[in-house]
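>>> here is a sequence together with a model predicted from it:
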Amino acid sequence: MKNLKYIILLFAVVFSSKEIVAQKDSIALQRKARKMVRQGNQLYEQKQFTDASVAYQKALSNNSAYDKASYNLGNALYQNQNFKEAIPSYELTAKTATDKFTKAEAYHNLGNAMMETKNYQGAVDAYKSSLRNNPTDDETRYNLAVAQKMLDKQNKQNKDNKDNKDKKDDKNKKDKKDKDDKNKDKDKKKDGDDKDKKDDKKDEKDKDGKGDKDQKKNQDPKKDDKKDKKQKSKPRQGQMSPQQIKQLLESLNNEEKKTQKKMNAKKAKGRKVKQEKDW
């Protein structure tokens, strides 16, 4: 029984010693953090914002929940116009701060950083959170009104840009459709013209082929000889052979001679005889 009590007492002493050591380490880290914050504040007053930022970051490395260090770091970054980098520091302060005044200040500065990055919706939300923690802050209320006005303007501009983009897209679609339709009509016309040209070429080819065939036929001496022989051997209907023509001419010549004799006889009978006068 005595041994058990002794063991329990020993564990209590060891545990208490570890707790005491941890507390001492924590206090030491807090002191280092405070020291670095004071050093950062001095640099900040001298407008050495980059060096001040380094000091505040060292303070946070010793105590990550040190809201004064994160808040001051945000201010130093803001003064160096590193607005995007300042935003996480203000958000950390607003999360870790235990009193409403510190939270209100953190949200107020967060809204300012959001304004600088043109995140007007984020600024409006930050200023509203600041006023929830400190409703009497007129400066925050004024900033909220400005942020709301800028947000409305941005939304209107975005809407106009979207409408213009939609109109432009519609116009581009219409122009593309008109162009496609025009190209289709052009292709149809071209196909028709090509077809007509093809038909014309075919007709010319057929015509030329026929002409060439006729010309070739006319120029063929063998065929001409055969034709002449055929005509000599068998006269065409309605035509006379050379022999028949000769006989007809001889007959006509004989008839003409007979007629001429008759005419001469009639003339002789009707002609007056010239008598010689006897004076």
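Okay, I see it. Here the structure is a predicted model, which means the values were calculated and not measured. Residues are numbered from 1 along each chain as shown.
>>> now do stretch 129-136: everything it contacts.
Under the contact criterion C-beta atoms under 8 Å, 6 or more residues apart in numbering, stretch 129-136 has outside partners 94, 100-101, 103-105, 107-108, 110-111, 137, 140-141, 144. Every residue, glycine included, has its C-beta placed from N, CA and C.
>>> try it again with 7 Å
Applying C-beta atoms under 7 Å, 6 or more residues apart in numbering, the set of residues contacting stretch 129-136 from outside is 100-101, 103-104, 107-108, 111, 137, 140-141, 144.
>>> and the pLDDT at the residue lying closest to residue 81 once chain neighbours are set aside?
Setting aside the residues directly before and after it, residue 81 is nearest to residue 116 in space (C-beta to C-beta, 6 or more residues apart in numbering), at 7.9 Å. The score at residue 116 is 96. That number is its pLDDT.
>>> quick check: residue 116 touching residue 83?
Yes. Counting by C-beta atoms under 7 Å, residue 116 sits close enough to residue 83 to count as a contact (4.2 Å).
>>> those two: who's more crowded?
Between residue 116 and residue 83, counted using other C-beta atoms under 10 Å, the more crowded position is residue 83 (18 against 15).
>>> how near is the more buried one to residue 147?
The span separating residue 83 from residue 147 equals 14 Å under the rule C-beta to C-beta, to the nearest Å.
>>> can you check residue 44 too?
Using C-beta to C-beta, residue 44 is found at 26 Å from residue 147.
>>> which one of the two has more residues nearby?
Summary of the neighbour comparison: residue 44 and residue 147, criterion other C-beta under 10 Å, with residue 147 having more neighbours (24 against 21).
>>> enumerate every residue touching the more buried one.
Counting by C-beta under 7 Å, 6+ apart, residue 147 has contacts 111, 115, 120, 123-124, 127.
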